[in-house]
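1. Okay, structure incoming, though there's no sequence with it:
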């Protein structure tokens, strides 16, 4: 039995499998994953799941019957250990093999680990999978002093959840501001104020020198600046690295992720790769980039699935990200790294605002808090290459959608 | 017209491309007007709690304002197969008033089982 084999059952992998089916791919489809769980939602793991607002059961995206009805075989709890390109099959840890005509690699990313002394102590955790989250949730219940290393999305979400649970929380961030590479200074400052108002001790420009142990368990963290913090739980959120080992071992080109084209194809035409584990040329970044986001996973997965079914629909989506912390809904559309000008729409004081980022007069990204309407308009504006002037962006009475309608009329 | 049909509003209140949200007996329903035709779905996104009526309507596709899940308002089907579909309801316009049938099986009956834990 050959057909399509997908390695990885998270957003990217199942989107590829489902899109191929939906587009008429008639051969067998098998999704194999090392995790034993049905495909589940990852974003709540650092938020509502830790707060016990979402159960494990409610994390499940679709049940087994749904995949059965789509004739998609889920092979869960089985790890792929090798891809044999010559024989066109994947080898599983238990010794069995799966043959393929088409292969999709959707192996995701690993949590980056710290290379300081004591990083292996019990009580030093990372968060990627539901198993990590179950472990972290149990430890959070018993912990009283928590140190979060890294002021990125996962670190800040865990800090927000832990603070809500009444824990003493310290966040250590090496950069001079939070989420420096992802969001504007205005939004960074807004988040910083929110965390401090919630009682979180945020230390910027600080790095960890070592972890201090006691009888094999974590007892504290020693900072480069000399300070020592007590801790009975440490959460490390210092980014992810592409899980591209299988592809690399199979001789596929990898460079900060598996290198793929606009259909998610690797250099071996029948082998695709999608999601966190890939590096693709993104016109909104103006460069090759590896993105870790639900949007990237789904949209790239869809392009690959459609291509496998014979439909060419290149991946060309405006990158999008979100993060929920306290009652703050942070959303990001586009990539702001190259901006040279910003305009602010809405009120920072009232906690409802968007920051429009321009490069050479062109709108390239909008990040903001609690203004989802701006995000939706921004996605279309950026995709169509239509830019409101900074004055229009700053004017809350100016209707951004009117530019879309005008552009659509001009198109028609 | 049986009692299972609920009156929501005057058809003249609906503008092309501008969704409207309603609360009917503890249930949230969104109405959409697309090319002069009116459609009704659950207003709560299947993915996380957000109101689709505050989202962006592009032809027959409504985009959830929070995380970008997209649904076809004609049948409630999610563009991404990973997320559960939402329910789409029968709509009738009588004497310029919009009625929605919430008790009858949704027009997309197949998603009923999937929709049970909407909002969770």
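-> Here it is on my side, so go on. Note that the structure is a prediction, hence the values are computed from the model and not measured.
2. Identify the bridge partners of residue B:41.
-> Note on residue B:41: beta-bridge partners by DSSP bridges are residue B:30, residue B:88.
3. do the lengthiest helix in chain A and chain B meet?
-> For chain A, the helix that runs over the most residues, judged by DSSP state H, is helix A:294-308. Yes. Judged by CB under 8 Å from any CB of the partner chain, helix A:294-308 and chain B are in contact via A:294-295, A:298, A:302. Every residue, glycine included, has its C-beta placed from N, CA and C.
4. any idea how far the residue nearest the centre of chain B is from residue B:98?
-> Compute the mean C-alpha point of chain B, and by CA atoms, centre = their mean the closest residue is residue B:41, 1.4 Å away. From residue B:41 across to residue B:98, the span is 14 Å (CB to CB, to the nearest Å).
5. that older thread, possible to save the residues of helix A:294-308 next to chain B as TSV with pLDDT, neighbour count and distance to residue B:76?
-> Output for these, formatted as TSV (pLDDT from 0 to 100; neighbours: other CB atoms under 10 Å in any protein chain shown; distance: CB to CB, whole Å):
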residue	pLDDT	neighbour count	distance to residue B:76
A:294	95	24	21
A:295	95	20	21
A:298	95	26	18
A:302	97	26	19
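6. ok, those vs chain B, which is closest?
-> Closest to chain B out of the residues of helix A:294-308 next to chain B is residue A:298 (5.2 Å), distances taken as CB to the nearest CB.
7. Packing partners of the least confident helix or strand in chain B by mean pLDDT?
-> Using mean pLDDT, DSSP states H and E, the weakest-scoring helix or strand in chain B turns out to be strand B:56-58, at a mean of 88. On a contact count with 3 or more CB pairs under 8 Å, 6 or more residues apart in numbering or on different chains; DSSP states H and E, strand B:56-58 meets helix A:372-384, strand B:61-63.
8. ok, and the closest non-adjacent residue to residue A:43?
-> residue A:294 (6.6 Å; CB to CB, 6 or more residues apart in numbering or on different chains).
9. Would you confirm that that neighbour contacts residue A:15?
-> No. Applying CB atoms under 8 Å, one finds residue A:294 not in contact with residue A:15, separated by 9.8 Å.
10. so residue A:182 touches residue A:332, yeah?
-> Yes. The pair residue A:182 / residue A:332 is scored as a contact, 6.5 Å apart, by CB under 8 Å.
11. so what sits against both of the two?
-> Residues touching both residue A:182 and residue A:332 (CB atoms under 8 Å, 6 or more residues apart in numbering or on different chains) are A:321, A:367.
12. Among those two, which residue is more densely surrounded?
-> residue A:332 (26 against 19; other CB atoms under 10 Å in any protein chain shown).
13. Doesn't residue A:155 lie inside a helix?
-> Yes. Assessed with DSSP: H, G, I helix; E, B strand; the rest coil, residue A:155 lies in a helix.
14. can I assume it is in contact with residue A:171?
-> Yes. With contact defined as CB under 8 Å, residue A:155 reaches residue A:171; the gap is 6.3 Å.
15. shared neighbours of these two, anything?
-> With CB under 8 Å, 6+ apart, residue A:155 and residue A:171 have common neighbours residue A:148.
16. between those two, who's got more neighbours?
-> Remark: of residue A:155 and residue A:171, residue A:171 carries more neighbours, 29 against 24, as counted by other CB under 10 Å.
17. A helix includes the more buried one, no?
-> No. Counting by three-state DSSP, residue A:171 falls outside a helix, being strand.
18. Run through the residues that contact it.
-> Listed by CB under 8 Å, 6+ apart, the contact partners of residue A:171 are A:147-148, A:150-151, A:155-156, A:159, A:195, A:200-203.
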